[in-house]
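no sequence on this one, just coordinates:
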Ligand code: GLY
Ligand code: MN
Ligand code: MN
């Protein structure tokens, strides 16, 4: 891992908070992710399961966490299983956790090798009535890949058919929606690294540069600051490419007079930042570009002004859309009379602004949440309005990350230049 050690108190507290939510006589089991294969003997690298990381800080494959708060044997109330290393693994793959190191990272005292899992489980499981198991319940998860958690559900149901099974995902969503101070520090570090990358670009971008050269600058800056790299596939979209919301080709030349939409950010210690900026290739906005830019910027600030404790996601989205509608009318993109007669199920503004204003952010970029839960202090959201005008070859999105507090919100990216004048000044220095 490139990141500096994270305090184990984060993971200890997270387990304590989960233990309080389990029914009596319950045991919960969490599996790590598998490294995803490519072809032949290739892999895509390892990305830990967010829940397992949240509860242990263990960033290694083939790890299992078992939590059993009412276990009659206090030593087995929290148990971690680790892939046993060997001389061969040490030669080919390098470092794996020792039990001592894993104890230090996670604060878990009882550690076995993963090969011992079934025998240890059989000594504990009949003291429990309920087994909480994990699955990916993100509302937009469409993956067909079988995870270790999914495989384990099938195995557990076959082996312990008379136990009662419970879903742990809703509890994890409930907990992970509220970030504690240590998590916020990690998010701030991810934002700081993203800022370094973005500032580097302001001196680098000019007509003739390619989108992939910009990508290369960013990854260089991120990795040299202990990030594993991009928090998500970077979108570096010049000109009309910006109107493709998930543009990932990043293979075009940036042309004089065009804008570049950058949706690029770093991860740090598995926590993600999420930034969007739109900058002029030649360092100066045209009058039209600036007008659209400032309209997006006003929507961004408006959203910030209403994103606070007590807000309901759907009402918030609607209010921001109403504000956006008036901006689109002022820009001449929508007609006031047509807007008055529009079908409310299919508002005309969707042609130019077709995505959500905000999402939760944390161990996942589109972090786990429940849309019916009102905004609370400790939640972290993006705010990311955009206007995409295909017929003008122009797309603008601005996106920062906000921590909700009792009295409002804090912009975790307040240091990253966003106003059109400041962007121009920095690009022309
Ligand atoms: N970068 C993904 C998003 O903005 O939601
Ligand atoms: Mn986002
Ligand atoms: Mn983004």
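That came through fine. Note that this is a predicted model, so its numbers are computed, not measured. Ligands and ions are numbered 1, 2, ... in the order given.

now the closest residue to ligand 2 within the stretch 151-300 of the chain: how far from residue 401?
The shortest separation between the stretch 151-300 of the chain and ligand 2 is 4.1 Å, found at residue 274 (distances taken as CB to the ion). (Glycine included, C-beta is placed from N, CA and C.) Going from residue 274 to residue 401 by CB to CB, to the nearest Å gives 6 Å.

quick one: common contacting residues for these two?
A shared contact of residue 274 and residue 401, defined by CB atoms under 8 Å, 6 or more residues apart in numbering, is any residue touching both; here these are 361, 382.

Contact partners for residue 148?
Each residue near residue 148 by CB under 8 Å, 6+ apart is listed here: 31, 32, 33, 34, 49.

my guess is the first one meets residue 147, correct?
Yes. Look at residue 31 against residue 147 with CB atoms under 8 Å: they come within range, at 7.3 Å.

Identify the contacts common to these two.
Both residue 31 and residue 147 are in contact with residue 49, where contact means CB under 8 Å, 6+ apart.

These two: which has the busier surroundings?
For the pair residue 31 and residue 147, the greater number of neighbours falls to residue 31 (24 against 17), based on other CB atoms under 10 Å.

what are the bridge partners for that one, then?
Partner residues in beta bridges with residue 31: residue 64, with DSSP bridges as the criterion.

I figured residue 312 hits residue 370, correct?
No. In this structure residue 312 lies outside contact range of residue 370 using CB under 8 Å: 11.3 Å.

Let me know the helix or strand that the residue lying farthest from the centre of the chain is in.
Among residues of the chain, the one most distant from the C-alpha centroid is residue 337; the distance is 39.8 Å, by CA atoms, centre = their mean. If you go by DSSP states H and E, residue 337 is part of helix 336-340.

where does the stretch 251-400 of the chain have low pLDDT?
Filtered on pLDDT under 70, the stretch 251-400 of the chain yields no residues whatsoever.

where does it come near ligand 3, residue by residue?
Counting by CB under 5 Å from the ion, the stretch 251-400 of the chain comes close to ligand 3 at 263, 274, 276, 399.

Could you pull out the buried residues of the longest helix along the chain?
Ranked by residue count, the top helix of the chain under DSSP state H comes out as helix 181-202. Under the neighbour-count criterion of 16 or more other CB atoms under 10 Å, helix 181-202 has 182-198, 201-202 buried.

Quick check: which of those are also close to ligand 1?
By CB under 6 Å from any ligand atom, no member of the buried residues of helix 181-202 lies near ligand 1.

Check which helices and strands the helix or strand where residue 118 lies is in contact with.
Under the assignment given by DSSP H and E, the secondary-structure element containing residue 118 is helix 117-124. Contacting helix 117-124 under the criterion 3 or more CB pairs under 8 Å, 6 or more residues apart in numbering; DSSP states H and E are the following elements: strand 64-67, strand 78-82.

Please, which helix or strand holds the closest residue to residue 402 other than its chain neighbours?
Spatial nearest neighbour of residue 402, chain neighbours left out: residue 409 (4.4 Å); criterion: CB to CB, 6 or more residues apart in numbering. Under the criterion DSSP H and E, the helix or strand holding residue 409 is strand 408-411.

Can you show me the strands along the stretch 251-400 of the chain?
Using DSSP state E, counting those that start in this stretch, the strands assigned to the stretch 251-400 of the chain run over residues 259-263, 267-268, 271-272, 276-280, 380-383, 386-389, 394-397, 400-405.

Check residue 92 and give its pLDDT.
At residue 92 the predicted local distance difference test score is 89.

Kindly report the same for the one 4 residues further on.
Residue 96 is assigned a predicted lDDT (pLDDT) of 94.

do you know how far it is from residue 193?
Taking CB to CB as the measure, residue 96 and residue 193 are separated by 27 Å.

which bits of this structure sit near ligand 2?
Listed as neighbours of ligand 2 in the chain under the rule CB under 5 Å from the ion: 274, 382, 384.

how about a cut-off of 8 Å?
Within the chain, the positions near ligand 2 by CB under 8 Å from the ion are 263, 274, 276, 359, 361, 365, 366, 382, 384, 399.

Determine which two of those residues are furthest apart.
276 and 366 (14.2 Å; CB to CB).

Show me which of those two is the more surrounded one.
Counted by other CB under 10 Å, residue 276 and residue 366 do not tie: residue 276 has more neighbours, with 23 against 18.

Report the beta-bridge partner residues of that one.
Listed beta-bridge partners, residue 276: residue 263, residue 399 (assigned using DSSP bridges).

Now do it against residue 396, distance only.
Counting by CB to CB, the gap between residue 276 and residue 396 amounts to 9 Å.

Return every residue with contacts to both of the two.
The contact sets of residue 276 and residue 396 overlap at 261, 386 (CB under 8 Å, 6+ apart).
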